[in-house]
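**Q** Here's my sequence, what's the structure:
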Amino acid sequence: MSRIKKTIKNARVGVFFYSITLFIHFFSRKIFLDGLGDEFIGLTSTLQSILGFLNLAELGIGTAIGVTLYGPLFQKDKKEINKIIALIGYLYKKIGLGVFILGIIVSVFLPFIFSETTINLTIVFFAFFSFLTSSLLSYFINYHIVILQADQKTYVVSSIYQSFTILKLIIQSILVYYYQAYYLWILLELIFPIIYSIVIRSRIKKEYPWLILNNKQNKSILKGYPEVIKLIKQSFVHKIGGFVLSGTDHILIFALVNLKSVAFFGNYQLIFQKLSQLINNFFGGIGAGVGNLVAENDYQNIRKVFWEMMALRFLIGGFICINLYYLIEPFILLWLGEKYILDQWILILMLINLFISQIRTPVENFKTAYALLWDVWAPVVEIIINLSVSLIFGMIWGIKGIMFGTLISLLVIVIFWKPYFLFKYGFKKNVSEYWIGFIKLMLTLIGSLIIIWWLINLWCNVQVDNYLDWVLLSIKISLITLGVYVPFLIMNRGFRDLMYRFKKLIRKNLFKQK
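**A** Okay, the predicted model is just below:
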């Protein structure tokens, strides 16, 4: 199967399951908030963020191994693939043991961390160790999924994982609705990951019957891959920066505001995460595709694809952020009620951060494909800026200040540094090429925004009293946004190349069907 076909299949499977899980996630969230309470939902979100810190040891291995697997998978070198999977197994098991020990140590401090919560400490401990056990499964049982991701077979992981997620949420919703039981909800958070791990391991064996799943190795295997170990160390630092950007929000809100605000913020974040998940599913395997593209070493094609991806991400980021600005508050009002509406400046800052996360993706994909991870100072600076600004302004402005800290760190490192690094050491071209293309795309967006804002205020100033009103409003805003933004984007060369590529794919598929 070709690179493009694999990407399309990943997208098709991802979007299919997204469509099913979207409704279930929002429906179950409402039931969980009503049945279990804001404080419990805030508690579980905070515990998962704390466990995210414990899992920092893993960050970097998946990326480094994925980069290392591109070549052997392209060459169908089964022996080398088995050696690399054995390497990741050795590393993951060592890290899993470390995470377990750290988890035990952190558990000692849980009574002090949650001293002001009204929730029984037994529930806190049960939830913490259930989440910890679930996270340990990825180190000891199902670490082999890295081969599916590197081989652009994310659709295999998505189909199994999302199926289990759907079933879990349905059962949790029924139990919460009738029994409002914390323990049953948490127990299912433990049981389903165990079953998922067993099933995905079996599927990997079916996809790669020649893969040795229990290849036991000792420390000597590290000597054969000094470059991989170097990449892991570099990627580790970068992933810490990424985690601090997105994984500390709940902890900071808990520390600087209160536990209930974690749940309030989590409602907005759920919407943002579901949209990001949709996009990730649609582009499932694109990172591996870029890795294969870079391995072919055709710069003209690489440059062409890069600007196609940039134009597409500008379209997606702009479209989503415009729609969210006008639609998220009336949706929250209908879905949960007026008390869950956050300050509009929080929404604006979240939207800017979401937009940057979209347009940064092509740079990140190519930077990883070129194994450009040795700028380890960059994530360190990113962490310092993010945490210092978030803490200072978080104490003054609350959630707004925390979001502002994320924005400042994104501007300094993601917008300015990373494109320079990619163009100088990856593409080996002057970064002015990037800025010319970037500014053109930004001017296109800004020009479109002015017209879109005027048209929406003219035609869409309606009262939203029910979900039908909301759907009709979303259709109007979407049509206005696409009707204005797409004609502006057609003036961009990368977007025209992208449209031509889509047209070829459509013609090819139609011809095959005939």
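
**Q** Sketch out the low-pLDDT regions of this protein for me.
**A** Counting by pLDDT under 70, the chain contains low-confidence ranges at 1-15, 18, 54-67, 215, 217-219, 243, 247, 281-289, 291-292, 508-514.

**Q** after the lengthiest helix in it, next one along is what?
**A** Using DSSP state H, we find that the single longest helix of the chain is helix 299-335. Next along the chain after helix 299-335, taking DSSP states H and E as the criterion, comes helix 344-359.

**Q** which other helices and strands contact that next one?
**A** In terms of contacts (3 or more CB pairs under 8 Å, 6 or more residues apart in numbering; DSSP states H and E), helix 344-359 is packed against helix 259-282, helix 299-335, helix 399-409. Just so you know, the C-beta spots here come from the backbone N, C-alpha and C atoms, and that holds for glycine as well.

**Q** Let me know the helix or strand that Lys367 is in.
**A** When secondary structure is defined using DSSP H and E, the element that contains Lys367 is helix 361-369.

**Q** Would you check that Phe74 makes contact with Ala295?
**A** Yes - applying CB atoms under 8 Å as the test, Phe74 and Ala295 come out as touching, 5.8 Å apart.

**Q** Flag every buried residue along the helix holding Lys367.
**A** Along helix 361-369, these residues count as buried under the neighbour rule (16 or more other CB atoms under 10 Å): Thr361, Pro362, Val363, Glu364, Asn365, Phe366, Lys367, Thr368, Ala369.

**Q** in which helix or strand would I find the closest residue to the fourth one other than its chain neighbours?
**A** Right, the one you point to is Glu364. For Glu364, the nearest residue in space outside its immediate sequence neighbours is Lys418; the separation is 7.3 Å by CB to CB, 6 or more residues apart in numbering. With secondary structure defined by DSSP H and E, Lys418 is part of helix 418-425.

**Q** now that helix and helix 361-369, what's the angle there?
**A** If you take axes from the mean of the first three to the mean of the last three CA atoms, to 10 degrees, helix 418-425 sits at 40 degrees to helix 361-369.

**Q** Which elements pack onto helix 418-425?
**A** With contacts taken as 3+ CB pairs under 8 Å, 6+ apart, helix 418-425 sits against helix 361-369, helix 432-459.

**Q** what's the next secondary structure element after the first one?
**A** Remark: after helix 361-369, the chain's next helix or strand is helix 377-397, criterion DSSP H and E.

**Q** Name the residues of that next one that are buried.
**A** Neighbour-count burial for helix 377-397, with 16+ other CB under 10 Å as criterion, is recorded at Ala378, Pro379, Glu382, Ile383, Ile385, Asn386, Leu387, Val389, Ser390, Phe393, Gly394, Trp397.

**Q** Equivalent analysis for stretch 351-361, please.
**A** Taking 16+ other CB under 10 Å as the basis for neighbour counts, the residues of stretch 351-361 that come out buried are Leu351, Ile352, Asn353, Leu354, Phe355, Ile356, Ser357, Gln358, Ile359, Arg360, Thr361.

**Q** residues near Val108, how many?
**A** Here the count is done by other CB atoms under 10 Å, and Val108 has 8 residues near it.

**Q** contacts for the helix or strand harbouring Leu252?
**A** Assessed by DSSP H and E, Leu252 sits inside helix 249-256. Contacts of helix 249-256 from elsewhere in the structure, counted by CB atoms under 8 Å, 6 or more residues apart in numbering, are 42, 45-46, 48-50, 261-262, 265-266, 269, 390-391, 394-395, 398-399, 401-402, 406.

**Q** Please repeat the previous calculation with a cut-off of 6 Å.
**A** In this structure, residues lying in contact with helix 249-256 by CB atoms under 6 Å, 6 or more residues apart in numbering are Ser45, Thr46, Ser49, Ser261, Val262, Phe265, Ser390, Gly394, Met395, Ile399, Ile402.

**Q** Name the member of those with the most neighbours.
**A** So for these (other CB under 10 Å), the most neighbours sit at Ile402, 29 neighbours.

**Q** which residues does that one contact?
**A** Leu252, Ser390, Gly394.

**Q** nearest residue to the first one other than its sequence neighbours?
**A** In other words, Leu252. Leaving aside its sequence neighbours, Leu252 sits nearest to Ile402 (CB to CB, 6+ apart; 5.0 Å).

**Q** Against Thr117, how distant is that neighbour?
**A** Between Ile402 and Thr117 the distance, using CB to CB, to the nearest Å, works out to 20 Å.

**Q** Out of the helices and strands packed on helix 344-359, which one sits most buried?
**A** helix 399-409 (a mean of 23; mean count of other CB atoms under 10 Å).

**Q** what's the angle between that helix and helix 377-397?
**A** Going by the same axes, to 10 degrees, helix 399-409 makes 160 degrees with helix 377-397.

**Q** Pick the one among the buried residues of helix 361-369 closest to Glu308.
**A** Proximity to Glu308 was ranked across these by CB to CB; first place goes to Pro362, at 8.8 Å.

**Q** Quick check: closest non-adjacent residue to that closest one.
**A** Met309 (4.0 Å).

**Q** All the strands of the stretch 151-300 of the chain, in order from the start?
**A** Secondary structure of the stretch 151-300 of the chain (DSSP state E, counting those that start in this stretch): no strands present.

**Q** Now do the helices in it.
**A** Per DSSP state H, counting those that start in this stretch, the stretch 151-300 of the chain has helices spanning 154-179, 182-207, 226-247, 249-256, 259-282, 286-296, 299-335. These are given in chain order.

**Q** Leu498: which of these is closest?
**A** Proximity to Leu498, assessed across those by CB to CB, is greatest for helix 299-335 (4.2 Å).

**Q** could you say what helices and strands the closest one packs with?
**A** Taking 3 or more CB pairs under 6 Å, 6 or more residues apart in numbering; DSSP states H and E as contact, the helices and strands that helix 299-335 lies on are helix 344-359, helix 361-369, helix 467-489, helix 493-513.

**Q** Checking the residue nearest to Arg303 when sequence neighbours are not counted next. Helix, strand or coil?
**A** Counting by CB to CB, 6+ apart, the nearest residue to Arg303 once its immediate chain neighbours are dropped is Phe427, at 7.0 Å. Secondary structure of Phe427, reduced to three states by DSSP: H, G, I helix; E, B strand; the rest coil: coil.
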